[in-house]
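**Student:** sequence and predicted structure, then a few things I'm wondering about:
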Amino acid sequence: MSVVAGKELRIVGFLCNWCSYGGADTAGVSRFKQPTDLRIIKVPCSGRVDPLFVVRALLTGADGVLVSGCHPRDCHYTDGNFYARRRLEMLKRLLPFVGIDERRFHYTWVSASEGQKWQQVVTDFTNRIHQLGPLHVKKENEG
Amino acid sequence: MRVGVFICHCGNNIAGTVDVARVAAEMRKLPGVVYATNYMYTCSEPGQEEIKQAIRKEGLDRIVVAACSPRMHENTFRKTIEKAGLNRYFLEMANIREHISWIGEDKELNTNKAIEAVKMAVAKVMNNKPLYSSSFKVNKRVLVIGGGVAGMQAALDCADGGLDVVLVEKSPSIGGMMSRLDKTFPTIDCSICILGPKMVDVVQHEKIKLYAYSEIDEIKGYVGNYQIKIRKKATYVDWSKCTGCGACMEKCPTRNAYDHFNFGVATTRAINIPFPQAIPKKAKIDPEFCRQFTKGKCGVCAKICPTGAINYEMKDEIVAEDVGAIIVATGYGLFDLDKFPEYGAGRYPDVITGIQYERILNASGPTSGHILRPSDQTEPKTVVFVSCAGSRDKSLGVPYCSNFCCMYIAKQAILTKDHIPDSQSYVFYMDIRSNGKGYDEFTRRAQEEYGAKYIRGRVAKIYPKGKKMVVRGADTLLGTQVEVEADLVVLATAVISAPGAAGMAEKLHISYDTFGFYVESHPKLRPVETNTSGVYLAGACQGPKDIPASVGQGSAAASKVLSLFSKDMLESDPAIAQVNINACVGCLKCVKTCPFQAIKEEVLRNGRKVAKVIETVCAGCGVCTSTCPCGAIQLQHFTDNQLLAEVNAICQS
Amino acid sequence: MSTEKVKEAIAKILPDVETVICYQQGFDGLHTTPLFIKIPEEINGLIWNPLCVQNLTSYLPSIKKKVGIVVKGCDSRTIVQYLQEGLIDREKIVIIGVPCTGVVSVKKVLREIGHQPVAGVAFDDNGNIVVKTSKGDRTLAIADVCPDKCATCQYPTPIVYDYLAGDPIKSDKPKESVHEDIRQFDEKTLEEKKAYWEKELEKCIRCYACRNACPMCICQDSCIAETREPHWISQKLSLTEKFMFHMIHAVHLAGRCVECGECERVCPMDIPVAKLKKKINTEMKELFNYEPGVDPDGKPPMYTFNVDEVKIKEHKL
Amino acid sequence: MAEKEYAYYSGCSLEGTAKEYDTSLRLVMKTLGVKLAEIPDWSCCGSTPAHTVDHVFAAALAARNLAIIEKMNTHTVTVPCPSCLTVLKKAHIGMTTDESFKNEVNALLDEPYEGKVTAKSSLQVIYEDIGLEAIADRVTHALPDLKVVAYYGCILNRPPDIAQFDDPENPVAMDKVISALGIEVLDYAFKTECCGAAFGVPKRAMVNELTHKILSMAIDVGANCIAVACPLCQQNLDLRQEQVNQTMGSSFNIPVLYFTQIMGLAYGYSPDDLEMDKLVVGADHLIRSRIPVEEYRKMKEAEAAAAKKPAKAKEMKEEPKETAKAEEN
């Protein structure tokens, strides 16, 4: 059991270490309450996020995937999020072509100081996924 | 593989909303996990000792600590396991505090989420490889950006510590905001009298190289090895010849140039030296106002200059400097009057800002220290101060307190009484914030000894009535509306981030908050560090700050640089990209995308082309790894397999 | 007619190159196979007709010596893309371009003749292919049995060449038609599209023929579909893993696929694998006004960026 | 110029106490080439006691009208009365940002409101959609004696989130419109000051005091006329002047005109067309000098020529005193 049945759906988040992971920490320190569905994977930079990680997650069990990096122009590594933006936009447009609702994948920018924005992003995205419901209705007997 | 898992209670911070014992119990069921326990404070001395004991007793070779954010204690635990003989990169942390216990209310859901988070960490740690730092040489020069009091203090402390300092100031003189102030609270000593000698120390220090009227164009490199490009803006005056005699300024026919130093309280000449104590005391031309530039003819200053320093053809010049660390002290900005339509939006000449009033009070200011109101140059008898003009006002985008206005208003009220004994000051305030040494006594003196009338309430409107300005506000203590007919109104306008702060942060790769203030590494424990190693903060660029705090931070930043430079070699972060030359097909797409030009082409002995990472240049972003189609270049510690292990741990369970 | 011109061009360049890559007849009249000409005598083995379908340019990145190659318009896009990505050295390649009015899909022909053994093939002057079998001759219009890519071909004349065998031809197909099939497919509901791909990809036997034939699949032996470092997918023949493999192929070709159609041509299971890549091309055109393999000075959009992206808007939640 | 069309929600005041606002607005709009389409079967906007008692019910009153407008050719409605405007916009914003509120309100309506209507004050339409240039183009008459201050009142520009027009503290639209007519407009600090009209019945003394302030500030800055865009403002400032004079010992006699009446005068309509006779404080003495623009221009030219001869000796010496504010370093 990975999520609490009936209460949670499976949401994977890829957060860049410098901005969004820090933003999530800031939200935590400020005790900004959030839904519990999200599971966070720390990456150094949103530019590290191969779109195929998102595909892998969506194909193997995730109901939603969230990628969050530094605001454009404020990347700790100068250009990482600029690459991320292109790649993730490409993926967002490809997903519906293979029958996956693009709303299940969201990418955004949250800085380390934006604890409140992080709370909002997590809450809104989780609500959205709950509205869409589970992606994997009939579970394949795999894995 | 023998993984050990340590779940921290963090007192009640985690254990309050996460069933830590159950998390530990669940972990024991995982393949590979041979030891799992929970402990009150894992980061404490005995907590760390327990990890070391377990490593020895149980023969653990991979460690997972589930506790607070790795941004907090990852280094602590890395050192712990290293002491027990493990490679420090055999550690993973699961953030079950900031990301779980502090943000979720349901204990069952939190516990489940914590189990998942630790599972992910276990999955990842089993894919961790030992990594080893290498060391590199440090360039022991430091760049200080901003020549206000914080930057000057930092520069002097570094220079006194034996470091070569490059100080860059964007205005024509160092001194910053403090050089504009008349007196300072709570001692009423003269601002320029205490700052002036410091300014002289800076310019005379053999270890400090000053670039005034210059800006940072580009910053490249990393801690220990930065390459800086500095733009020396064209002054149209050859400073090597200029003696600062001021003859040009006297003869310049353009008398209506905007006076930046005096915040527009007066006008200046198109060629000017900002103020008598300026350092360097050199003239510069404002081409916006100079007739030679606007009309194409004049040349008066060129004729008058005894040393022939005037050069209308001068262009910006770019100079390069290499440094090993950077102290950012770029200061703050102030709200403009046009933000306040209810106070006339700058249309009423006798409604001015606090900093403008400082210039009017100042003996070397445009009124030679006589308080004269701008509209008719008469002495005001009633002066109203409005605190929080913009500050603590969400609707204006400044929800924060500007920190030092309460104090300077009290100071200005005292000085007003000193200058004009039969004057009366009124202060509209929300709260009096005077929480420094001797501060509260000072605001009380303003009221009790100098008779300033403090009215608790906000000002709704300021409007002219004859020669007077009527200030209408609420007196919330009396529960009435009050109107004061004033001769002069001073607004304590909100402190905002310096103009261009965001752009500077982007050049430095440091974070800034919604308001443009730079974000420190930890609000309590790392107040002058940034998340970019080698870059430190001083003064109000990090948030509104008064003089003592700015000076303190300047010294703190300097001490950080001095301790960084106490070693000749620095250890590199081994979490960088690595090429598997057997898998690399030499397409070199990684070379194209690397933001740091850290990858180059290498030809093997058999003639095959492959990618090669320049270890000292790689910053570890991983763009190459997500670019490489065949997975041949892998960012260590964040390899595809490590991240896939985490994805699988979530999705396939 | 072109055949002679091609032969002439080859004869001219042969002294200057190590080998010239072109086509010869395969095991029957319907099939062609690559021919590597090293000496003048071998030129006679060359054939040139609408059955010369295979994209020969795939050989180029792995050849170190100077070579000549015969290309159609569509094949030339691969060369352009190689040049953009720095995978070949233009100096080391001599290109003989041949304007093309459309080729024949062997699969379609075989389907038409009921997969009978072919005794011989001829072409008439009216754009027909005549296939001889034991059950008699069958005349088919080339336009009816061409691969899908020919129906909307925008580049009948090679984009880059050193010698052009024949007169340049202009495309008579409307530009909008190129992505029309993608637009139409996209109008289906999510459920329909999901069901479609599940049905199609379920057929995949993971033979990797599509990958091996793809000129832009430069990884070959290092393909992450088969490595354990990194270990992206398992060898299990499940729908998820098949789906994943085809998504890997598509994503790795984002902004690179030159739409030569080799992947689909070689697929033994008739899976429309080129469609996924074409969809991404449609988006690349829309987002970055980029078309792979057209401009030798172009930059593949996934390896560059603009600080301000005009077409990418921030997504709201 | 193609004719612009707007739905026109006059509201109850313009059918009664502010009849002249309605009349002058229609004339001005006609001159400006704007078609005002009547809203069939419009009803109360809800700016009654309803909005202090029941938000859903008040919004339903407004939304009923919005739903009717939604079915018309144009989806933009112009509203002369700021009070109606606020209520209509508040209902619209509430219903388009809060799904559950929308459902609650629509439950009370026969025809649901889908949120497609844009409401603009008549001043906003004239200022933003028609523009100062077109306003100036239509002027036929000069009004040399008029010295106007523009009084916007409390809710034309506020709260900013609802009004979404002009500056809430220092609005300028009416000033600019009247200036564009060639009429002198004076800076006025009390543009948005409360006139107290809402307390006209229960707290008369307070209203008199507030009204007194507004009127005396107008006199202080040298105005001889107040321009308004709100029926309640007009009524309060005009009708109450005598009362103020009696209780406060003042002697105000300053006409309070709808800005559309002033526009009408500049566009050549007669005072009768504009129903100027409905004013309590008459404006005849200000209008007497009205003169066709062409004649006025000639008169001014002659004056200037006469004034030029003796003043010849004076020479320009100094630079113009403008101090352009440079960007802060």
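**Tutor:** Okay, I see it. Numbers count the residues shown, from 1 in each chain, chains lettered A, B, ... in the order given.

**Student:** what's the neighbour count on whichever residue of the stretch 51-200 of chain C sits closest to chain D?
**Tutor:** Nearest residue of the stretch 51-200 of chain C to chain D: residue C:190, at 23.7 Å (CB to the nearest CB). Every C-beta, even on glycine, is put in place using the N, C-alpha and C of the backbone. By other CB atoms under 10 Å in any protein chain shown, the residues close to residue C:190 number 15.

**Student:** quick one: it and residue A:102 touch, right?
**Tutor:** No. In this structure, residue C:190 is not within contact of residue A:102 by CB atoms under 8 Å, at 9.3 Å.

**Student:** same for the helix or strand hosting residue D:61, what does it pack against?
**Tutor:** According to DSSP states H and E, residue D:61 maps onto helix D:55-70. On a contact count with 3 or more CB pairs under 8 Å, 6 or more residues apart in numbering or on different chains; DSSP states H and E, helix D:55-70 meets helix D:50-53, helix D:82-97, helix D:99-107.

**Student:** can you redo those as JSON lines with mean pLDDT, mean neighbour count and distance to chain B?
**Tutor:** Shown next, in JSON lines, are the helices and strands packed on helix D:55-70 (pLDDT from 0 to 100; neighbours: other CB atoms under 10 Å in any protein chain shown; distance: least, CB to the nearest CB, whole Å):
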{"stretch": "helix D:50-53", "mean pLDDT": "80", "mean neighbour count": "14", "distance to chain B": "23"}
{"stretch": "helix D:82-97", "mean pLDDT": "94", "mean neighbour count": "23", "distance to chain B": "17"}
{"stretch": "helix D:99-107", "mean pLDDT": "93", "mean neighbour count": "15", "distance to chain B": "23"}
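
**Student:** identify whichever of those helices lies nearest to residue D:304.
**Tutor:** In terms of CB to CB, the element of the helices and strands packed on helix D:55-70 nearest to residue D:304 is helix D:82-97, at 41.2 Å.

**Student:** off-centre distance for the closest one?
**Tutor:** Relative to its chain's centre, helix D:82-97 lies at 19 Å (CA atoms, centre = their mean, to the nearest Å).

**Student:** what does stretch C:283-295 give?
**Tutor:** 17 Å.

**Student:** mind listing what the residue of the stretch 51-200 of chain C closest to chain D touches?
**Tutor:** Contacts for residue C:190 (CB atoms under 8 Å, 6 or more residues apart in numbering or on different chains) come out as A:96, A:99, A:100, A:101.

**Student:** farthest-separated two in the residues you listed?
**Tutor:** Farthest pair in the contacts of residue C:190 (CB to CB) is A:99 and A:101. Separation: 8.4 Å.

**Student:** domain map for chain D?
**Tutor:** With automatic domain parsing as the criterion, the domains of chain D are listed as D:4-124, D:141-292.

**Student:** how long is the shortest one end to end?
**Tutor:** Using CA to CA, to the nearest Å, the end-to-end distance of domain D:4-124 comes out at 14 Å.

**Student:** in the longest helix along chain A, which residues are buried?
**Tutor:** In chain A, taking DSSP state H as the definition, the longest helix is helix A:115-132. In terms of neighbour count (16 or more other CB atoms under 10 Å in any protein chain shown), helix A:115-132 has its buried residues at A:115, A:117-123, A:125-126, A:128-130.
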